[in-house]
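[1] generate coordinates for the sequence data below:
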Amino acid sequence: MSETTLEHHHEKTENARFGFWVYLMTDLIMFSALFAAYAVLRNNTFGGPGGGDIFNLPFVLTETFILLTSSFTCGLATVSINQKKLKQALWWLGATFLLGASFLIMELTEFHRLIADGNGPQRSAFLSSYFTLVGAHGLHIAVGLLWMIIAGIVAYKRGLTEKTASQLTRLALFWHFLDLVWIFIFTIVYLIGVL
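    So this is what the prediction gives:
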């Protein structure tokens, strides 16, 4: 490759990285608005159950442990990427995927239980805001899992080029961002909700 081509490729990678940070900031604004709506509506149960009545804290604590463990394995994948160890990076990415999928299954199980018990989003403003906030996070987890599959396949086929390493690094940032959002959900929705 010529020097001009390398500079152009590096510039595209930097632009993609900048664009991704802009995306994360817009996601942060969206989640901030959802947290604000939840904070305003959390006591509007209209005679229905509140958080203390429906949340299963040990179950959610297990979910939290699984997701935080996935953040650790994702971090190990990033270390492997920086060391140019593709097989090791893909192995840690696979572990992250399994943990993330387990978390998502648990979240969907919790939603199913709540709806089956008659506590769906239409029951009260509290439940509507709860399902919207936690559901938005779950949707992001699902997108992250799909991204992991695609990025893993691309990296496996093409190797750890500057472009694939950059894509995997952005994926890791996205995953860590979701873990951070979950810590706030766990604290604000579940821990405070059972008080």
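[2] would you mark the buried spots in the host helix or strand of residue 112?
    Here residue 112 sits within helix 86-116, counting by DSSP states H and E. For helix 86-116, a neighbour-count test (16 or more other CB atoms under 10 Å) marks 86, 89-90, 92-93, 95-97, 99-104, 106-107, 110-111, 114 as buried. To be clear about C-beta, it is placed using only N, CA and C from the backbone, and glycine gets the same treatment.
[3] count of neighbours near residue 183?
    Residues within reach of residue 183, counting by other CB atoms under 10 Å, total 13.
[4] over to the one 10 residues further on?
    Applying the criterion other CB under 10 Å, we find 21 residues in the vicinity of residue 193.
[5] might one say that it is in contact with residue 49?
    No. Using CB atoms under 8 Å as the test, residue 193 is too far from residue 49 to be in contact (10.8 Å).
[6] other SSEs contacting the helix holding residue 112?
    Identification of packing neighbours for helix 86-116 by 3 or more CB pairs under 8 Å, 6 or more residues apart in numbering; DSSP states H and E yields helix 57-82, helix 125-158, helix 162-185.
[7] just want the angle from the helix ranked longest in the chain to helix 162-185.
    Counting by DSSP state H, the longest helix found in the chain is helix 3-41. Calculated by axes from the mean of the first three to the mean of the last three CA atoms, to 10 degrees, helix 3-41 forms an angle of 10 degrees with helix 162-185.
[8] pull the next helix or strand after helix 3-41 out as CSV, backbone CA atoms only.
    Using DSSP H and E, the helix or strand that follows helix 3-41 towards the C-terminus is helix 51-54. Provided in CSV are the C-alpha atoms of helix 51-54 (Å, rounded to 0.1, in the frame of the first residue of the first chain):
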residue,chain,number,x,y,z
GLY,A,51,-41.1,-2.5,42.9
GLY,A,52,-40.9,-4.0,46.3
ASP,A,53,-43.9,-6.2,45.5
ILE,A,54,-42.7,-7.6,42.2
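[9] chain center to the longest helix of the chain, what's the gap?
    For helix 3-41, the distance from its own C-alpha centre to the chain's C-alpha centre is 14 Å (CA atoms, centre = their mean, to the nearest Å).
[10] what residues of that helix count as buried?
    Neighbour-count burial for helix 3-41, counted by 16+ other CB under 10 Å, picks out 20, 27, 31, 34, 35, 38, 41.
[11] now those residues as JSON lines including pLDDT?
    Below are those laid out as JSON lines (pLDDT from 0 to 100):
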{"residue": "20", "pLDDT": "93"}
{"residue": "27", "pLDDT": "96"}
{"residue": "31", "pLDDT": "98"}
{"residue": "34", "pLDDT": "98"}
{"residue": "35", "pLDDT": "97"}
{"residue": "38", "pLDDT": "97"}
{"residue": "41", "pLDDT": "96"}
